[in-house]
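Participant: Next comes the sequence, and after it the predicted model I'd like to discuss.
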Amino acid sequence: METPRVPSILITGGASGIGRATALLLARRGARVLVADVDDAAAASLIAEAGEAADRIRYRRTDVTDEAQVRAAVADALAAHGGLDALIAVAGVMRGQMVEIGALDEATWDLVVDTNLKGAFLAAKHAAIPMLAAGQGTIVLVGSKAGVTAGSGSFAYGASKGGTHGLAMTLERHLGPKGIRVNDLCPGDVDTPLMRRSLDEAIRNGADPVAIERIRAGLTPPAAVADVIAFLVSDAAAAVRGTVFTA
Ligand SMILES: NC(=O)c1ccc[n+]([C@@H]2O[C@H](COP(=O)([O-])OP(=O)(O)OC[C@H]3O[C@@H](n4cnc5c(N)ncnc54)[C@H](O)[C@@H]3O)[C@@H](O)[C@H]2O)c1
């Protein structure tokens, strides 16, 4: 009898925060994970933290806004793992928190929208190609409540996450009938470096410090979001399609 292949998972933005917690969880459960990120130091500390699961995590420096790098990361996962079962597109940045519309500069807009939306598109495009050829696979785009059910403190971030939501819905419509399940995961406020930097930026730009401290006190641990993502890429989630919200 043929031995089933170990699940192969590509995680963009897997070196920190939600992506890091997800990489650790899935590798500890036996999957082979390729982390595509731009933070070499965080990736090295992730692999050190993984302990016995370290040999199931590979890191490839990949800027998700660069199509050639994203294409190469997918090719790396295919070559190293013998296939690609899941893409978890987590890479993202948050800038422009509490900046008035008239003061929001084009460079901030481009950085946020390119990383969060174009990055998700490029990852989904290049992961979908081998998945369509195999007739199976699953894609999770990490969006946000911001831009879907609520506004954001940042015009650029809210717009990028609304776009990610539309991209995920469109992928699900087109790829779902071809055997590829797509979910848009929309977390609430999660305790990660991105969120901590964003709350600091909000205070610098005049947000009410008491309200910010209230948010800080109620942040969800990234491991709790990783549990949901791990479920979404598992066969147990075969009937789950579309948008999933977490605290
Ligand atoms: N933390 C929250 O409260 C929260 C809430 C909703 C949605 N999200 C989303 O979850 C995702 C992960 O956020 P997080 O809070 O874990 O942030 P984080 O900053 O801890 O992790 C983001 C990762 O993305 C990587 N990254 C940034 N730009 C990249 C690029 N161009 N190419 C490749 N990698 C890049 C970073 O190096 C980092 O490792 C983001 O898309 C974010 O918008 C976060």
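Facilitator: Received it, and whenever you're ready, just let me know what you need.
Participant: how about the strands in the chain?
Facilitator: 8-12, 32-37, 57-61, 86-89, 137-142, 180-186, 242-245 (DSSP state E).
Participant: Could you provide these in TSV, with additional columns for mean pLDDT?
Facilitator: Formatted as TSV, the strands of the chain follow (pLDDT from 0 to 100):
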stretch	mean pLDDT
strand 8-12	98
strand 32-37	98
strand 57-61	98
strand 86-89	98
strand 137-142	98
strand 180-186	98
strand 242-245	96
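Participant: Same list (those) but as a markdown table, adding distance to residue 205.
Facilitator: To be clear about C-beta, it is placed using only N, CA and C from the backbone, and glycine gets the same treatment. As requested, the strands of the chain are arranged in a markdown table below (distance: least, C-beta to C-beta, whole Å):
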| stretch | distance to residue 205 |
| --- | --- |
| strand 8-12 | 28 |
| strand 32-37 | 27 |
| strand 57-61 | 32 |
| strand 86-89 | 28 |
| strand 137-142 | 25 |
| strand 180-186 | 24 |
| strand 242-245 | 27 |
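Participant: So which bits of this structure are right by the ligand?
Facilitator: Near the ligand, the residues belonging to the chain are 12-13, 15-19, 37-39, 42, 62-65, 90-94, 115-116, 119, 142, 144, 187, 189-190, 192-195 when assessed by C-beta under 6 Å from any ligand atom.
Participant: Now with 5 Å, please.
Facilitator: 13, 15-18, 37-39, 63-64, 90-92, 115, 142, 144, 187, 189-190, 192-195 (C-beta under 5 Å from any ligand atom).
Participant: In ChimeraX, select just the buried ones from these.
Facilitator: Here the buried members of these are turned into a ChimeraX selection, burial being counted by 16 or more other C-beta atoms under 10 Å:
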select :13,15,16,17,18,37,38,39,63,64,90,91,92,115,142,144,187,189,190,192,194,195
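Participant: Tell me the pLDDT of residue 4.
Facilitator: Per-residue pLDDT puts residue 4 at 70.
Participant: what's the burial count for it?
Facilitator: The local packing of residue 4 (other C-beta atoms under 10 Å) involves 6 other residues.
Participant: if I pick it, what's in contact with it?
Facilitator: Residues counted as contacts of residue 4 (C-beta atoms under 8 Å, 6 or more residues apart in numbering): none.
Participant: How much space separates it from residue 30?
Facilitator: Going from residue 4 to residue 30 by C-beta to C-beta, to the nearest Å gives 11 Å.
Participant: per-residue pLDDT, residue 118?
Facilitator: On pLDDT, residue 118 comes in at 98.
Participant: pLDDT weak spots in the protein?
Facilitator: Counting by pLDDT under 70, the chain shows low-confidence ranges at 1-3.
Participant: Just give me the longest helix of it.
Facilitator: In terms of residue count, the longest helix belonging to the chain (DSSP state H) is helix 155-175.
Participant: Please put the alpha-carbon coordinates of it into PDB.
Facilitator: The C-alpha trace of helix 155-175 is given here as PDB (Å, rounded to 0.1, in the frame of the first residue of the first chain):
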ATOM      1  CA  PHE A 155      -7.900  53.900   5.200                       C
ATOM      2  CA  ALA A 156      -5.200  51.800   3.400                       C
ATOM      3  CA  TYR A 157      -5.600  48.800   5.700                       C
ATOM      4  CA  GLY A 158      -9.400  48.800   5.600                       C
ATOM      5  CA  ALA A 159      -9.300  49.000   1.800                       C
ATOM      6  CA  SER A 160      -6.700  46.300   1.500                       C
ATOM      7  CA  LYS A 161      -8.700  43.900   3.700                       C
ATOM      8  CA  GLY A 162     -12.000  44.700   1.900                       C
ATOM      9  CA  GLY A 163     -10.200  43.800  -1.300                       C
ATOM     10  CA  THR A 164      -8.800  40.600   0.200                       C
ATOM     11  CA  HIS A 165     -12.300  39.600   1.100                       C
ATOM     12  CA  GLY A 166     -13.500  40.100  -2.400                       C
ATOM     13  CA  LEU A 167     -10.600  38.200  -3.800                       C
ATOM     14  CA  ALA A 168     -11.300  35.200  -1.500                       C
ATOM     15  CA  MET A 169     -15.000  35.200  -2.400                       C
ATOM     16  CA  THR A 170     -14.100  35.300  -6.100                       C
ATOM     17  CA  LEU A 171     -11.500  32.500  -5.700                       C
ATOM     18  CA  GLU A 172     -14.100  30.400  -3.900                       C
ATOM     19  CA  ARG A 173     -16.600  30.900  -6.700                       C
ATOM     20  CA  HIS A 174     -14.200  30.000  -9.500                       C
ATOM     21  CA  LEU A 175     -11.900  27.400  -7.800                       C
END
